[in-house]
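Colleague: Quick one, what's the 3D model for this:
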Amino acid sequence: MDINFNKNEDHNKLLLSELNRRLAKVSLGGGKTRIEKLHAKGKMTARERINYLLDAKSKSIEIGAFAGEDMYIEHGGCPSGGVVIKIGYIKGKQCIVVANDATVKAGAWFPITGKKNLRAQEIAIENKLPIIYLVDSAGVYLPLQDEIFPDKEHFGRIFRNNAIMSSMGITQIAAVMGSCVAGGAYLPIMSDEALIVDKTGSIFLAGSYLVKAAIGESIDNETLGGATTHCEISGVTDYKAKDDKDALDTIKNIIDKIGDYDKAGFNRSDSKTPKENTEDIYGILPKSRADQYDMYEIIKRLVDNSEFDEYKAGYGQTIITCYARIDGWAVGIVANQRKLVKTKKGEMQFGGVIYNDSADKATRFIANCNQKKIPLVFLQDVTGFMVGSKSEHGGIIKDGAKMVNAVSNSVVPKFTIIIGNSYGAGNYAMCGKAYDPRLIVAWPSAELAVMSGNSAAKVLLQIEKASLEKQGEKITPEKEAELFNKIKDRYDNQVSPYYAAAHIWTDAIIDPLDTRHWISMGIEAANHAPIEKQFNLGVLQV
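Modeller: Numbering: from 1, shown residues only. Alright, predicted model coming up:
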C-alpha cells in the first residue's frame, strides 16, 4: 500500500470514529438521569422497547438517528427528533417501528419530530410495510406550535396518512405505553389494532387539568382515559397489557399471524461477499473531496463477488453504468467516476463532472433498468454538469434534462449513497432527496450543497467585499483572508453530512461497510410493493 492509501485510511477511520461517538451520544436521548426516571416508573426506553420487539440477533437499520442535532438549542435540544425509527424483523416479517422517546421533553413533538414521523409513514406507504407505533408523547411542543401544527406537512398529516394506509391495506398497530393526548389520541385509534399498558398508558383529548378548566369536572387521568376505561368502558382500545413487555409480546403475536404479501418480484440469487477486501474502501476514498480516485475500485468492494457487467463502457466515461448483484439482489448501478478520463477523441474529462455523453448514457441505462424491473443504486460523488461554450453548444441542458426526466419517472425503487460530493444539479440528476429514493444515506465523507465550501466562499466573499467597499471600507489582504475564512467556516458547517442528517435530507450517515446491508434491506422492503405504473419518459427534447 502506498503512503496516500495509509493517509486516506487514517482519515476515514477517524471520520468513522466520530460517527460512532455521535451515535452513542444520541442513543442516550434526553440523558441518563431521565432514562433512570423512566425505569423507576416501570417503563422501558424507546430503544429498549424497539430492541425487545425486534427479533433477537436480526438485522435492522435506523432512520434519522441525527434528526434535530444542534437544533432547538434554546429549547434544550431534541436528540434524534424525540422519536426512534427502525426497520427490522418481527417474527421474521420486515416491519417499520416508530417509538416516541419520553426522555426528550416527555416525547413532545417538535417540528423535526413531525418531519421524521412523516418520513417513517412515507417509507411504509412506498414499500407497503407493516408499521408499529409505540406511543409515549405529551403531544405538540407548545412553544413551537406554529411550526408543527397547521401546515400540510405538519402534525395533522400523520392522521391523514393513517387513513390512507388503512385504505391501502397496510397493517398499522399502535401500543399506548405512556401519554397519548389531544390530537395525538387519534393515531392509535386510526390504526388497525390498539393496545394500552395498564397504569402507565392513557388516552384523552384533554387531560384532567384542562377538563377542570373547561367544564369544571374533577376527575383523575386514570379514570378519564386509562387502560381500564378504554378497554372496558369506551372500547377505544383492543388489548390491555400489564406492562411494556406484555404489550410488546402481544404485538409480536399479532404480527406472527399476518398473511404473506404480494411481491414485486425483484431478482435475487444466493448472496456472495465481494472478492476484494471491503475495508480497502477507507484507503481508496481520498482525504480531500477535490482529489481524484477510481470509482470502479469502490464498486468492486460493494458488489457480490466483485463482479459487474458494464453498460457502454467506452462512452460517457464520467458516469459508470453497470449491472451487478448486492447481497444477491440484481441492481443497476449509476456511479460518478471520479478519475480524470480520456475520450476516444483524445479529450480529457474531469472526474465527478457530468458531460453530455455521460448524461445520455445514464438516461438510456435508467430506461433499461425500468424495462427489466431492476432496482437502481446511485453512487454519488458529483460536482455538477460541465459548463462552458462547448458543453452549452452541445446541448448539456437538454441532455441533463433527459437524465433528470429518467430519474424522476423511474418506477423501479431507487437507492442513493452519497459517497463524496453532492453539489448543485448533480445532486438532482443522481437521485437526490427530491427525487424520491426509497432510502438515501451518506458516508461520513459526504458533502451536500449547491457548491463546495471553497467555491461558495469565493463567490460570497466578492459580494461581501463589494458591499463593504460601497460603505467606504478599505479591504486589506488580511481583512479579505479573515472574511474568507469566516464565510467558509459557516458554509462548511452547512455542507457537513451531519447538517443534512439533522434536517432529514438523508436517512442516515453510515459506515461504508454497512452499505450492502442498507441496500439489501431496502430492496427487500421495496419487494413488498408490486410496481403498478408503467415507465414513461413523457415529452423529451431529443
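Colleague: When you work out contacts or count neighbours from here on, use the C-alpha atoms and nothing else.
Modeller: Noted.
Colleague: average pLDDT across stretch 226-238?
Modeller: Averaged across stretch 226-238, pLDDT comes to 91.
Colleague: Okay, strands next: where are they in the stretch 301-450 of the chain?
Modeller: Using DSSP state E, counting those that start in this stretch, the strands of the stretch 301-450 of the chain run over 308-310, 319-326, 329-336, 341-342, 348-349, 353-354, 376-382, 384-385, 414-423, 439-442, 447-449.
Colleague: right, and those - which one's nearest Tyr72?
Modeller: strand 447-449 (21.9 Å; Cα to Cα).
Colleague: Paired strands for the closest one, with orientation please.
Modeller: Sheet pairing of strand 447-449 (DSSP bridges) gives strand 414-423 (parallel).
Colleague: what residues does the partner strand touch?
Modeller: With Cα atoms under 8 Å, 6 or more residues apart in numbering as the test, strand 414-423 has contacts from 289, 375-384, 430-432, 436-452, 515, 519, 522.
Colleague: one step back: go through the strands of the stretch 301-450 of the chain and name the closest to Asp220.
Modeller: strand 439-442 (44.6 Å).
Colleague: now what about that closest one, what contacts it?
Modeller: Outside strand 439-442, the residues within contact range by Cα under 8 Å, 6+ apart are 414-419, 432-433, 497, 506-510, 522.
Colleague: How about the contacts made by Gly178?
Modeller: Taking Cα under 8 Å, 6+ apart as the criterion, Gly178 is in contact with Val135, Asp136, Ser137, Val197, Thr200, Gly201, Ser202.
Colleague: of the residues you listed, closest to Ala106?
Modeller: The closest of the contacts of Gly178, once distances to Ala106 are taken by Cα to Cα, is Ser137, at 6.0 Å.
Colleague: Now that closest one: closest residue in space that isn't a chain neighbour?
Modeller: Excluding its sequence neighbours, the residue lying closest to Ser137 (Cα to Cα, 6 or more residues apart in numbering) is Gly107, at 4.2 Å.
Colleague: Would you quantify the distance from the one you found to Lys199?
Modeller: According to Cα to Cα, to the nearest Å, Gly107 stands 18 Å off from Lys199.
Colleague: which of the two has more neighbours?
Modeller: For Gly107 versus Lys199, the count of surrounding residues by other Cα atoms under 10 Å is larger for Gly107: 28 against 16.
Colleague: Ile417: neighbour count?
Modeller: 28.
Colleague: Tell me the pLDDT of it.
Modeller: Note on Ile417: pLDDT of 98.
Colleague: what bridges to it?
Modeller: Leu379, Val441.
Colleague: just Glu310 next, same as before
Modeller: With DSSP bridges as the rule, Glu310 is bridged to Cys322.
Colleague: how is this protein carved up into domains?
Modeller: Domain assignment of the chain by the TED database yields the ranges 1-29+264-446+506-535, 31-256, 453-495.
Colleague: Would you single out the least confident of these?
Modeller: Among the domains of the chain, domain 453-495 scores lowest, at a mean of 79.
Colleague: secondary structure element for Met133?
Modeller: Not quite, residue 133 is Tyr, not Met. Tyr133 is part of strand 131-137, with elements assigned from DSSP states H and E.
Colleague: List the buried residues of the helix or strand that that strand is followed by.
Modeller: The first helix or strand that comes after strand 131-137 along the chain, using DSSP H and E, is helix 156-168. Going by neighbour count (16 or more other Cα atoms under 10 Å), the buried part of helix 156-168 is Gly156, Arg157, Ile158, Phe159, Asn161, Asn162, Met165.
Colleague: Dump the C-alpha coordinates for helix 156-168 into PDB.
Modeller: Extracted C-alpha coordinates of helix 156-168, given in PDB (Å, rounded to 0.1, in the frame of the first residue of the first chain):
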ATOM      1  CA  GLY A 156     -52.200  16.600  11.100                       C
ATOM      2  CA  ARG A 157     -50.700  14.900   8.100                       C
ATOM      3  CA  ILE A 158     -49.900  11.900  10.400                       C
ATOM      4  CA  PHE A 159     -53.600  11.100  10.800                       C
ATOM      5  CA  ARG A 160     -54.300  11.600   7.100                       C
ATOM      6  CA  ASN A 161     -51.600   9.100   6.400                       C
ATOM      7  CA  ASN A 162     -53.100   6.700   8.900                       C
ATOM      8  CA  ALA A 163     -56.300   6.800   6.900                       C
ATOM      9  CA  ILE A 164     -54.500   6.400   3.500                       C
ATOM     10  CA  MET A 165     -52.500   3.400   4.800                       C
ATOM     11  CA  SER A 166     -55.700   1.800   6.100                       C
ATOM     12  CA  SER A 167     -57.300   2.100   2.700                       C
ATOM     13  CA  MET A 168     -54.200   0.500   1.100                       C
END
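Colleague: what separates that helix from the chain centre, distance-wise?
Modeller: Put simply, helix 156-168 sits 21 Å off its chain's centre (Cα atoms, centre = their mean, to the nearest Å).
Colleague: And it, what does it pack against?
Modeller: Packing partners of helix 156-168 (3 or more Cα pairs under 8 Å, 6 or more residues apart in numbering; DSSP states H and E): helix 111-127, strand 172-181, helix 186-189.
Colleague: how about the ones you listed, which one is nearest Arg21?
Modeller: helix 111-127 (22.1 Å).
Colleague: Return the list of helices and strands in contact with the closest one.
Modeller: Packed against helix 111-127 by the contact rule (3+ Cα pairs under 8 Å, 6+ apart) you find strand 83-90, strand 93-100, helix 156-168, helix 515-526.
Colleague: Among those, which comes closest to Asp146?
Modeller: Among the helices and strands packed on helix 111-127, the nearest to Asp146 by Cα to Cα is helix 156-168 (12.5 Å).
Colleague: Residues contacting the closest one, please?
Modeller: Under Cα under 8 Å, 6+ apart, the answer for helix 156-168 is 114, 117-118, 121, 125, 149-150, 171-172, 183, 186-187, 190-192.
Colleague: what are the phi and psi angles of the most far-flung residue of the chain relative to its centre?
Modeller: Ranked by distance from the centre of the chain (Cα atoms, centre = their mean), the top residue is Gly472, with 47.5 Å. In terms of degrees, to the nearest 10, the main-chain angles of Gly472 are phi 90, psi 10.
Colleague: So it versus Val459, what's the distance?
Modeller: Applying Cα to Cα to Gly472 and Val459 gives a distance of 21 Å.
Colleague: can you count the residues close to Arg490?
Modeller: Neighbour count for Arg490, taken as other Cα under 10 Å: 12.
Colleague: Now name the helix or strand holding it.
Modeller: helix 477-495.
Colleague: ok, back up a step: just the buried members of the contacts of strand 439-442?
Modeller: Buried members of these, counted by 16+ other Cα under 10 Å: 414-419, 432-433, 497, 506-510, 522.
Colleague: hang on, the earlier thing: which stretch among the helices and strands packed on helix 111-127 comes nearest Ala264?
Modeller: With Cα to Cα as the measure, helix 515-526 is the member of these nearest Ala264 (7.5 Å).
Colleague: can you give me the angle the closest one makes with strand 329-336?
Modeller: Counting by axes from the mean of the first three to the mean of the last three Cα atoms, to 10 degrees, helix 515-526 points 120 degrees away from the direction of strand 329-336.
Colleague: C-alpha coordinates for helix 515-526, PDB please?
Modeller: Extracted in PDB, the C-alpha atoms of helix 515-526 (Å, rounded to 0.1, in the frame of the first residue of the first chain):
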ATOM      1  CA  THR A 515     -23.800   0.000   2.500                       C
ATOM      2  CA  ARG A 516     -24.500  -3.500   1.200                       C
ATOM      3  CA  HIS A 517     -26.700  -4.200   4.300                       C
ATOM      4  CA  TRP A 518     -28.700  -0.900   3.800                       C
ATOM      5  CA  ILE A 519     -29.300  -1.600   0.100                       C
ATOM      6  CA  SER A 520     -30.300  -5.200   0.700                       C
ATOM      7  CA  MET A 521     -32.800  -4.400   3.400                       C
ATOM      8  CA  GLY A 522     -34.100  -1.500   1.200                       C
ATOM      9  CA  ILE A 523     -34.700  -3.800  -1.800                       C
ATOM     10  CA  GLU A 524     -36.400  -6.400   0.500                       C
ATOM     11  CA  ALA A 525     -38.700  -3.700   1.700                       C
ATOM     12  CA  ALA A 526     -39.400  -2.500  -1.800                       C
END
